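**Student:** Sequence and predicted model, in that order:
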Amino acid sequence: MKVMTMVNAINDALDVKLSEDQRIVVYGEDVGVEGGVFRVTEGLQQKYGAERVFDSPLAESGIVGTAVGMAIAGLRPVVEMQFCGFIYPAMNQLISHVTRMHNRSRGKYRVPMVIRMPYGGGINALEHHSESMEALFGHIPGLKVVVPSTPYDAKGLLISAIESDDPILFMEPKRIYRAIKQEVDEGRYALPLGKAKVVQEGTDVTVVAFGAMVREVQKAAELAKERGVSMEIIDLRSIYPIDRETIVNSVKKTSRIMTVSEGPSSFGIGAEISQIVLEDAFLYLDAPPTRVAGFDTIVPLPRGEHHYMQSPLKILYEVEQIVNY
Amino acid sequence: MFEENHKTYFETITVLDQDGAIVNESLMPDISDTDLLKAYKELLFARTADLQIVSYQRQGRIYTYPPNFGQEAVSGAAGVVMTDHDWLVPAFREMSAMLAKGVTLKEYFLFFMGYEDGSNFKNASRVLPISVPIASQLLHAAGIGYALRYQKEPGVVFTYVGDGGTSEGDFHEALNFAGVWKAPVVFTIQNNQYAISTSTRLQTASDSLAVKAMAYGIRVERVDGNDFLAMLKAYQEAVKCCNEHNGPVLIDAVTYRRGAHTTSDDPSRYRTKEEEDAWALKDPLRRLNLYLTAKGLWNDALEEETVIRFKGEIDAIFAEAETYDAYPKEDVFKYMYVEKPDELARQEQHYDAFLKWKEANESTINMSHS
């Protein structure tokens, strides 16, 4: 066991996989010499050489599109998008090829690749560096979308993502890259993809969150407890596929469902989870589903970001609304 | 060829002129008469199949189809050069190269008849499915090229794009990535003068498409794409370049799409009969036919007899394709993921329930109101 931040844990996962699988190559903008703008890949080029860990030209479509070719030809590329807000030039490759080649070729060609990408707000960044567009990616058939919320999960989920034969978008909540330290197992361990985790058991309301929002919900739960409300917290860990069973089982117990996410509210994760609950636990509900999410606006620049971001107090307010419905 | 000098940006290489005469002996490709005759027959087969497909489409027996008519020499010459080690990353007008790589004509038919199975090339390795989003496939070729180098495997990647595709960002990113990586990739521009209706002069202010290679530090040759011998020579030299780690290379193959963009297109809206007639005289098969005939290796009677035989074979393959199995419902869900998510399985079960209900109730429902 070793105490690690999420940055350390992701670096460790890459290290573990690079050391045991020659097919893995890691590349993207500034990931080689510098070790990435967040230092997630620090030291890996020195250890594994510039053929396996390298700086690519600055072009997102190029990074993702070449990874498709490498994956088809037998490698297992793990590429980095520097920020979620910069992935859009690669959307054509992502939607038209990464996620379709296996189906298009009727299984002849697999595309085992991972796109790692920091996302989310709360770091006082300029435009294009704070968005949380998981719903956009969850909507792409053929893609699996993973989001860890702790260092331990980040390592185990990334190892599973790299070992998966399906393409994976691995969204990293950069706000908590270094905010949480945790004991993490050394060496290889894998966590199942598509499985949520009940972070805290409770009786009054089920609150589903992922990434950096899990910690905010946990803080809100402490406040709620003092006011006599018991929250059950689910960390989704996977946007697609979504763990229907864990959500539904929880709602059958608490009779209330609330989602907390950073992305724009409309057509978001909250809507999807509401629908799941309405389909499978309609008769158990004591209140309409609540979604706590970003506005349908662009994330404001740092001085205005506090209006947009979900905070423990905002979550507490919404929890009180739903339990008193 | 592919020397590092500026002539290659603007001068077009021709070996065989439009009258079937050799005009550049020093650039004759390395090919025996027997193999050249075989290659001609393969071009003729591809052309006959291509024209037959257009007629099947007119009969409503196949969906929208993008004809290869007039451009056969471009990918056909690659077909002669490619080995089992090599990869083919096509756009959608490379029938000759696909067949040469082992894709069956039946599979090619099935694709345009609306079956994904037509892209699961059972007997052909290292061929990617037809790619429709323009220029996007070039990046896959660059990535495969990187993988070949990384794995220390022999092989060259052959990939294609149209003249319109040179305006796409992915074209530039692919040349740039492949250039930085020294990837063994032969990029060919099927410079057929039109992107659907838009002429090449509206795509770029450059005096040629070949000149774009200069910006990426890669070697290039501008070749008469209707000259099979020049294309063959270019591919032979391009492979040599890649094997000597002087790849990637770009070939600007100047050709003409004699047919429509697809069977849904009407070229009379954007080009003249005079222009089409002028290009017909430069047709690649006509040129090779004249050359082989002058050498005593071919004649009109053989041509006629061969085309009739090919038509029979092609019709038989098409008839067989038309009896292809119904599209199994399972196939819709089976291939989206290697490891199928529960959610997708749930959706399939829901659809099964509908199918069961439909079978039980269909006869009792009056569909005339719908």
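**Tutor:** Great, that's in hand.
**Student:** show me what contacts residue A:179?
**Tutor:** Residue A:179 makes contact with A:5, A:215, according to C-beta atoms under 8 Å, 6 or more residues apart in numbering or on different chains. For glycine as for every other residue, the C-beta is placed from the backbone atoms N, C-alpha and C.
**Student:** SS state for it?
**Tutor:** On the three-state scheme (DSSP: H, G, I helix; E, B strand; the rest coil), residue A:179 is labelled coil.
**Student:** So which residues of chain B form strands?
**Tutor:** With DSSP state E as the criterion, chain B has strands at B:12-13, B:87-89, B:157-162, B:185-191, B:194-195, B:198-199, B:219-224, B:249-254.
**Student:** just the helices in the chain please.
**Tutor:** Using chain A. Applying DSSP state H to chain A gives helices spanning A:6-20, A:44-48, A:60-72, A:91-93, A:101-104, A:134-138, A:151-163, A:213-226, A:244-254, A:269-281, A:305-308, A:312-323.
**Student:** Oops, wrong one, chain B.
**Tutor:** With helices called from DSSP H, chain B shows them at B:7-10, B:33-58, B:72-81, B:95-100, B:105-113, B:137-150, B:169-181, B:212-215, B:228-243, B:273-280, B:284-294, B:300-322, B:329-334, B:342-361.
**Student:** how many neighbours does residue 59 have?
**Tutor:** Going with chain A. Residues contacting residue A:59 under the criterion other C-beta atoms under 10 Å in any protein chain shown number 21.
**Student:** wrong chain, I was asking about chain B
**Tutor:** The burial count for residue B:59: 8, using other C-beta under 10 Å.
**Student:** Can you name the residues that contact the closest residue to residue A:289 other than its chain neighbours?
**Tutor:** Nearest-residue entry for residue A:289: residue A:274, 3.9 Å, with adjacent residues in sequence omitted and distances by C-beta to C-beta, 6 or more residues apart in numbering or on different chains. With contact taken as C-beta under 8 Å, 6+ apart, residue A:274 is in contact with A:257, A:259, A:289, A:291.
**Student:** swap in residue A:202?
**Tutor:** Contacts of residue A:202 by C-beta under 8 Å, 6+ apart are A:221, A:230, A:231, A:232, A:233, A:254.
**Student:** Pretty sure residue B:98 sits against residue B:90.
**Tutor:** Yes. Judged on C-beta atoms under 8 Å, residue B:98 makes contact with residue B:90 at a distance of 6.1 Å.
**Student:** what do these two both touch?
**Tutor:** Common contact partners of residue B:98 and residue B:90 (C-beta under 8 Å, 6+ apart): B:75, B:127.
**Student:** what's the burial count for the residue found closest to residue A:163 once you drop the neighbours it is linked to in the chain?
**Tutor:** Sequence neighbours aside, residue A:190 is the residue nearest to residue A:163 in space, at 6.5 Å (criterion: C-beta to C-beta, 6+ apart). Neighbours of residue A:190 under the rule other C-beta under 10 Å: 16.
**Student:** Ok, the one 5 residues further on next?
**Tutor:** Residue A:195: 15 surrounding residues under other C-beta under 10 Å.
**Student:** Can you get me a residue count around the nearest residue to residue A:67 once chain neighbours are set aside?
**Tutor:** Excluding the flanking residues, the one nearest residue A:67 by C-beta to C-beta, 6+ apart is residue A:77, at 4.0 Å. Residues within reach of residue A:77, counting by other C-beta under 10 Å, total 27.
**Student:** tell me which residues form a beta bridge with residue A:77?
**Tutor:** Beta-bridge pairing for residue A:77 (DSSP bridges): residue A:25.
**Student:** okay, it: pLDDT?
**Tutor:** Model confidence at residue A:77, given as pLDDT, is 98.
**Student:** again, but for residue B:326
**Tutor:** On the pLDDT scale, residue B:326 is placed at 89.
**Student:** With the one 4 residues further on instead?
**Tutor:** Note for residue B:330: predicted pLDDT of 96.
**Student:** how about the nearest residue to it, chain neighbours excluded?
**Tutor:** Leaving aside its chain neighbours, residue B:330 sits nearest to residue B:348 (7.9 Å; criterion: C-beta to C-beta, 6+ apart).
**Student:** isn't that neighbour right next to residue B:334, touching?
**Tutor:** No. Between residue B:348 and residue B:334 there is no contact under C-beta under 8 Å: 9.2 Å.
**Student:** Tell me how many other residues crowd residue B:85.
**Tutor:** Here the count is done by other C-beta under 10 Å, and residue B:85 has 12 residues near it.
**Student:** my bad, should have said residue A:308
**Tutor:** When neighbours are counted by other C-beta under 10 Å, residue A:308 registers 17.
**Student:** Could you measure from the residue nearest to residue A:67 over to residue A:17?
**Tutor:** Residue A:77 sits 12 Å away from residue A:17, going by C-beta to C-beta, to the nearest Å.
**Student:** and what of residue A:280?
**Tutor:** Using C-beta to C-beta, residue A:280 is found at 36 Å from residue A:17.
**Student:** circling back to that earlier point, now tabulate the helices of chain B in TSV and tack on distance to residue A:101 and mean neighbour count.
**Tutor:** Formatted as TSV, the helices of chain B follow (distance: least, C-beta to C-beta, whole Å; neighbours: other C-beta atoms under 10 Å in any protein chain shown):
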stretch	distance to residue A:101	mean neighbour count
helix B:7-10	34	16
helix B:33-58	25	18
helix B:72-81	21	28
helix B:95-100	17	25
helix B:105-113	15	21
helix B:137-150	8	29
helix B:169-181	15	24
helix B:212-215	27	18
helix B:228-243	24	24
helix B:273-280	36	12
helix B:284-294	32	20
helix B:300-322	23	14
helix B:329-334	15	14
helix B:342-361	17	11
